[in-house]
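S.K.: how would this look folded up:
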Amino acid sequence: GGLGARVAWFIEAGSVFPNRPAHQPKSAPAPCFAMPRSVFEAAGGFRTDVYAAEDGDFFVRLRAAGHALQFVPAARGDHVFAGGMGRTLKRLGELGQAAAFLRRTHDLPGSAAVRQPLLAFLLPFARMAQMLRRLVTEGGPVGQFLLLSPAILLGLMAWARGFYREARTPTYPSATAREC
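M.R.: Numbers count the residues shown, from 1 in each chain. Prediction:
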């Protein structure tokens, strides 16, 4: 609960809002997916040398191996977000750093921002517009989004700062690898 958790939910779970229709996302929150163990192992599982990008890296490799993700709105799962806005902003900065790492190591949308780091500071505004469009067209909690939009924008700026720092001076994964 709390402000930090609501902000994190909008930012981290944007591609899998419960109100979204079934679709094939490029990635998904790692705590909320299921697959046969044999498929997980054949794709190499999670990297242990990264902290905040292990799921994104895995999903890129999974898709490269010919598998597709499928978002199923009827499936339900819980994900506990770290409490407090300060912890949320720190975590979002780590996720931004991880996003730059993924775009540096894989050909993903947004890779141009790694080559031109100042573009990172435009991404929060594009992401806000993307989230609002999805919520409006797919029947999501628009009122809650609008009420929380200053905090969501702050969270996205923390993400952009992490992205920018990693794009300018690559240090990931060694700088953030830790025991989970």
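
S.K.: pLDDT below threshold where in the protein?
M.R.: 1, 13-19, 27-31, 77-82, 174-180 (pLDDT under 70).

S.K.: for it, list the residue farthest from the centre, please.
M.R.: Within the chain, the residue lying farthest from the chain centre (C-alpha atoms, centre = their mean) is Ser38, at 25.1 Å.

S.K.: what helix or strand is it on?
M.R.: Applying DSSP states H and E as the criterion places Ser38 in helix 37-42.

S.K.: run through the neighbouring helices and strands of whichever helix or strand comes after that helix.
M.R.: Using DSSP H and E, the helix or strand that follows helix 37-42 in sequence is helix 54-64. On a contact count with 3 or more C-beta pairs under 8 Å, 6 or more residues apart in numbering; DSSP states H and E, helix 54-64 meets helix 85-105. Every C-beta, even on glycine, is put in place using the N, C-alpha and C of the backbone.

S.K.: can I get the helix holding Ser38 in PDB? Just the C-alpha atoms.
M.R.: The C-alpha coordinates for helix 37-42 follow below in PDB (Å, rounded to 0.1, in the frame of the first residue of the first chain):
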ATOM      1  CA  ARG A  37      10.400 -25.500 -16.100                       C
ATOM      2  CA  SER A  38      11.900 -27.000 -19.300                       C
ATOM      3  CA  VAL A  39      11.200 -23.900 -21.300                       C
ATOM      4  CA  PHE A  40      12.700 -21.700 -18.500                       C
ATOM      5  CA  GLU A  41      15.800 -23.700 -18.300                       C
ATOM      6  CA  ALA A  42      16.200 -24.000 -22.100                       C
END
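
S.K.: and that helix, what does it pack against?
M.R.: Secondary elements touching helix 37-42 (3+ C-beta pairs under 8 Å, 6+ apart): none.

S.K.: neighbouring contacts of it?
M.R.: 62, 65, 67 (C-beta atoms under 8 Å, 6 or more residues apart in numbering).

S.K.: if I look at the last one, how far off is Thr137?
M.R.: Think His67. Using C-beta to C-beta, to the nearest Å, we find His67 at a distance of 28 Å from Thr137.

S.K.: who's more crowded, these two?
M.R.: Neighbour count, other C-beta atoms under 10 Å: between His67 and Thr137, His67 has more, with 15 against 9.

S.K.: wait, that one sits on Pro36?
M.R.: No: contact between His67 and Pro36 fails when scored by C-beta atoms under 8 Å: they sit 10.3 Å apart.
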